[in-house]
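# For reference, the sequence and a predicted model appear below.
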Amino acid sequence: MTMKKEITSSNPEIFLDNVSFAYEQEVILKEITLAFEPGQFYSVLGPNGCGKTTLLDLLIGHLKPDSGSVFLKGRELGAWSRKDIARTIALVSQNYNINFPFTVEEVIMMGRHPWISRFSQPDERDMDKVKTIMARTGTDIFKDRKITALSGGERQRCVFARALCQDTPILFLDEACSNMDISHTLRLLNFVKEEVIKENRTVISVFHDINLASIWSDQLIFMKQGRVAAAGTTAEVMDAAIIEDVFQVKTHVAYNEYSQARQVCFKVD
Amino acid sequence: MNGIQPCLTVRRTEIFIALFSILLFGLVVLSASLGYMKIEFSEVLKIILSQLPGQGHMAGSISEASQVIVMDVRLPRILTCVAVGGGLALSGVIFQGILLNPLADPYTLGVSAGAAFGACFAILLNLGAAFVSVPLFAFAGACLTLFFVIFLSYSGKNSAAVLSSNSLILSGIIVAAILSAGISFLKYTADEQVSIIIFWLMGSFASKTWLDVGVTFLCLVLGLVISMVFARDLNLISLGERSAASLGVDTRKVTLVLLVTGSMLAAVSVSVSGIIGFVGLLVPHMVRLFTGPDNRRLIPVSLLAGALLLLGADTITRAILPHEIPIGILTALIGGPVFCWIFKRGAIR
């Protein structure tokens, strides 16, 4: 963590100051201090139940910390209205179940909700944005179909596209590609990465696939039992000893020429 | 291409609204002409039009009896029925949206059980002598139930999980189960009043007054305005609390406002006319097949369709069947099989 502090600029997008959180008696997050800088792709990695989704919920204001504070663009998160948060952070959540037969286009248009005032209709700009995003995410081919009739992966792409339409400087991906095929996973992550580089956006993602995380991320955060086990640039912390400690599995980590990133292999004993 | 799809559906919605409004007016007049004493369609029309300022002369040639029957007997009943039908359908739309469940209805949260308990209580203590107190007790019962259900589900740390659909449905089921045991107990102790209780529970529009019309219409208009203001938020909430919250909807506030609105509509309906099932469940479903799930279109069309349907059913039981049967039984007998048919066709899923 000391390492992290040194590279922290005076002005992070999101800053967690000594945050703890518990459900009932069970402590989920313990004294977490982290800073997220603009123009960086972060990945949070760790075993099931280590508090990754809870961390995202705290960062977007769905949960309030028991102690410590969360700052978004220098202002305490509690002082933000839901609408202003939605104009700053978009979330692709794990849950993409939809019970009502909206068309794909209607669902994606909902991403413009925080930008459209209560009694107006979507204007030209909203329409253009939705059209562009649908084309780039490959959701335009089924835009008139009912969302309830799509497969899980297709629905996940629509929910992803909806979050992109929110057009926010910060994007959270909570296992956002868990049901997509590899080609769409790469396509969407590529798109997101481009936005990070070109538009100086911030991405904070939760991944299960360590190798995917390593390819796309500038920074990795390993979590274990509610604490940050290691955090830093991918080159620094994508390390066999750290992964073995966090996941309790035998691993080998090496730079892979083909994917141009450090990649991990596992061994069963 | 982008703009064409919504435009088509918007135009279709406008056509539905216009068509249903005309049909509803026609059915009101037709229904007022039917009954034990037949009155000509044109005469009813004249009687209604003569109520407009400056048109008093139009009813000049029509007998006093016909005018009294239409204005003081039939129209109050018909208009109450229209408002209750619209209110139940609107309430159904709201509940299906909040509870993220196309199978929810206005009674899912136990509002009907609460109203029934209140009514049974009033009937048992013979408070019905004061005439208004049975509906008043029913309304109080419904409100207390609603607040208790909200109280039960208003917990949890996750702000998106407070008042979540799951906790609301569970609280509703628990409270309704307790209340129905309470109703059974009241019936058990009721002796000869038990038939009054049973008849009240089955629902009826007999002997409604202009006061009932005023109260139900006032609630309906209020409910319509509030639900239209929050229609877009309701769209988002119907996709899940967590995504709605991340899209900038204050889920707790909107859910609470809509919950109270939907429950008040149901409570007023039950208090005025007893428990009428299937309208709130079925109408939003059938309308959704035509308008799609967008609440901005679903709400006005469902309201009109609910009014049409319930007035149709009430006219059948009042004027066409040889003996009047309770409206609640008729809607269940017609609505149940229709629901089975829609469900089997897979149109709900």
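Sure thing, it's come through.

# so how many other residues sit close to B:A65?
For B:A65, the count of nearby residues is 10 (other C-beta atoms under 10 Å in any protein chain shown). In this view, the C-beta of every residue, glycine as well, is placed from N, C-alpha and C.

# same question, B:V221
Number of residues near B:V221 (other C-beta under 10 Å) recorded here: 12.

# any idea which element it lies in?
Secondary structure from DSSP states H and E places B:V221 in helix B:210-229.

# quick one: buried residues of that helix?
Neighbour counts over helix B:210-229 (16 or more other C-beta atoms under 10 Å in any protein chain shown) mark B:D212, B:V213, B:V215, B:T216, B:F217, B:C219, B:L220, B:G223, B:L224, B:I226, B:S227, B:M228 as buried.

# what's the following helix or strand after it?
Next element after helix B:210-229 (DSSP H and E): helix B:231-237.

# tell me which strands and helices that following helix is in contact with?
Counting contacts by 3 or more C-beta pairs under 8 Å, 6 or more residues apart in numbering or on different chains; DSSP states H and E, helix B:231-237 is packed against helix B:75-98, helix B:241-246, helix B:251-273, helix B:295-315.

# ok, residues contacting it?
Outside of helix B:231-237, the residues within contact range by C-beta atoms under 8 Å, 6 or more residues apart in numbering or on different chains are A:102, A:110, A:113, A:118, B:94, B:97-98, B:100, B:227, B:243-244, B:247, B:249, B:251, B:254-255, B:258, B:293-296, B:299.

# Let me know the average pLDDT across it.
For helix B:231-237, mean pLDDT is 93.

# And stretch A:99-114, by the same measure?
93.

# quick one: B:G306 and B:G335, what's the gap?
As judged by C-beta to C-beta, to the nearest Å, B:G306 and B:G335 stand 11 Å apart.

# Common neighbours of the two, please.
B:V279.

# Now which of the contacts of helix B:231-237 would you call buried?
When these are checked for burial by 16+ other C-beta under 10 Å, the buried set is A:102, A:110, A:113, B:94, B:97-98, B:100, B:227, B:243-244, B:247, B:249, B:251, B:254-255, B:258, B:293-296, B:299.

# okay, whatever residue of chain A ends up closest to chain B: pLDDT?
Closest approach between chain A and chain B, counting by C-beta to the nearest C-beta: A:A86, at 2.9 Å. Note for A:A86: predicted pLDDT of 95.

# Measure how buried it is and give me the count.
So A:A86, with other C-beta under 10 Å, has 25 neighbours.

# what about the helices and strands packed on helix B:231-237, which gets the closest to A:L56?
Set against A:L56 and scored by C-beta to C-beta, those come closest in helix B:241-246, at 9.8 Å.

# Packing partners of the helix holding B:V221?
By 3+ C-beta pairs under 8 Å, 6+ apart, helix B:210-229 packs against helix B:75-98, helix B:251-273, helix B:295-315.

# mind listing what's buried in the second one?
Judged by neighbour count (16+ other C-beta under 10 Å), helix B:251-273 contains these buried residues: B:251-252, B:254-273.

# Let me know whether B:A32 touches B:R77 as I believe.
No. With contact taken as C-beta atoms under 8 Å, B:A32 and B:R77 are classed as non-touching, separated by 9.2 Å.

# can you give me the strands for the stretch 101-250 of chain A?
A:170-174, A:202-206, A:219-224, A:227-233, A:250-256 (DSSP state E, counting those that start in this stretch).

# what does the stretch 101-250 of chain B have sitting close to chain A?
Applying C-beta under 8 Å from any C-beta of the partner chain, we find that the stretch 101-250 of chain B lies next to chain A at B:101-102, B:157-160, B:229, B:232, B:235-236, B:238-240, B:242-243, B:245-250.

# hmm, try it at 7 Å
Contact residues, the stretch 101-250 of chain B versus chain A (C-beta under 7 Å from any C-beta of the partner chain): B:101-102, B:157-160, B:232, B:235-236, B:238-240, B:242-243, B:245-250.

# B:A18: neighbour count?
Applying other C-beta under 10 Å, we find 11 other residues in the vicinity of B:A18.

# How about B:R232?
When neighbours are defined as other C-beta under 10 Å, B:R232 has 18 of them.

# what's the distance between it and A:A86?
To A:A86, B:R232 is 13 Å away according to C-beta to C-beta.

# Could you do B:V29 as well?
49 Å.

# B:G328 too?
The value you get for B:G328 to A:A86, if C-beta to C-beta is used, is 44 Å.

# try A:K143
For A:K143, the distance to A:A86 (C-beta to C-beta) stands at 23 Å.

# do the same with A:E194
For A:E194, the distance to A:A86 - C-beta to C-beta - is 23 Å.

# Likewise for A:V246?
In terms of C-beta to C-beta, A:V246 sits 32 Å off from A:A86.

# Any chance of the helices and strands packed on helix B:210-229 in TSV with distance to B:F339 and mean pLDDT as columns?
Output for those, formatted as TSV (distance: least, C-beta to C-beta, whole Å; pLDDT from 0 to 100):
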stretch	distance to B:F339	mean pLDDT
helix B:75-98	12	94
helix B:251-273	18	90
helix B:295-315	13	95
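
# Reformat those helices as JSON lines; add distance to B:Q193.
Below are these laid out as JSON lines (distance: least, C-beta to C-beta, whole Å):
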{"stretch": "helix B:75-98", "distance to B:Q193": "25"}
{"stretch": "helix B:251-273", "distance to B:Q193": "19"}
{"stretch": "helix B:295-315", "distance to B:Q193": "26"}
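
# out of the ones you listed, which comes closest to A:I182?
helix B:251-273 (34.6 Å).

# Could you figure out how far the closest one is turned away from helix B:75-98?
Computed by axes from the mean of the first three to the mean of the last three C-alpha atoms, to 10 degrees, the angle separating helix B:251-273 from helix B:75-98 equals 150 degrees.

# right, and the helices and strands packed on helix B:231-237 - which one's nearest A:A229?
Ranking these by proximity to A:A229 (C-beta to C-beta) places helix B:241-246 first, at 26.9 Å.

# Can you tell me what sits against that closest one?
Residues from elsewhere that reach helix B:241-246 (C-beta atoms under 7 Å, 6 or more residues apart in numbering or on different chains): A:60, A:62, A:82, A:86, A:90-91, A:93, A:95, B:160-161, B:164, B:236-237, B:251.

# List buried residues within those.
By neighbour count, with 16+ other C-beta under 10 Å, those hold A:60, A:62, A:82, A:86, A:90-91, A:93, B:160-161, B:164, B:236-237, B:251 as buried.

# which one among the residues you listed gets closest to B:G60?
Distances from B:G60 to those, taken by C-beta to C-beta, are shortest for B:I237, at 54.5 Å.

# Among the buried ones among the contacts of helix B:241-246, name the ones in helices.
A:I60, A:R82, A:A86, B:L236, B:I237, B:T251 (DSSP state H).

# Now render the residues you listed as a markdown table, adding distance to B:F343.
Converted to a markdown table, those look like this (distance: C-beta to C-beta, whole Å):
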| residue | distance to B:F343 |
| --- | --- |
| A:I60 | 38 |
| A:R82 | 36 |
| A:A86 | 36 |
| B:L236 | 26 |
| B:I237 | 24 |
| B:T251 | 29 |
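
# How about whichever residue of the stretch 151-300 of chain B sits closest to chain A, nearest residue that isn't a chain neighbour?
For the stretch 151-300 of chain B, the residue closest to chain A is B:G248, as judged by C-beta to the nearest C-beta, at 2.9 Å. Excluding the flanking residues, the one nearest B:G248 by C-beta to C-beta, 6 or more residues apart in numbering or on different chains is A:A86, at 2.9 Å.

# what does A:F160 give?
Here the residue nearest A:F160, using C-beta to C-beta, 6+ apart, is A:V92, at 5.1 Å.

# per-residue confidence for the one you found?
93.
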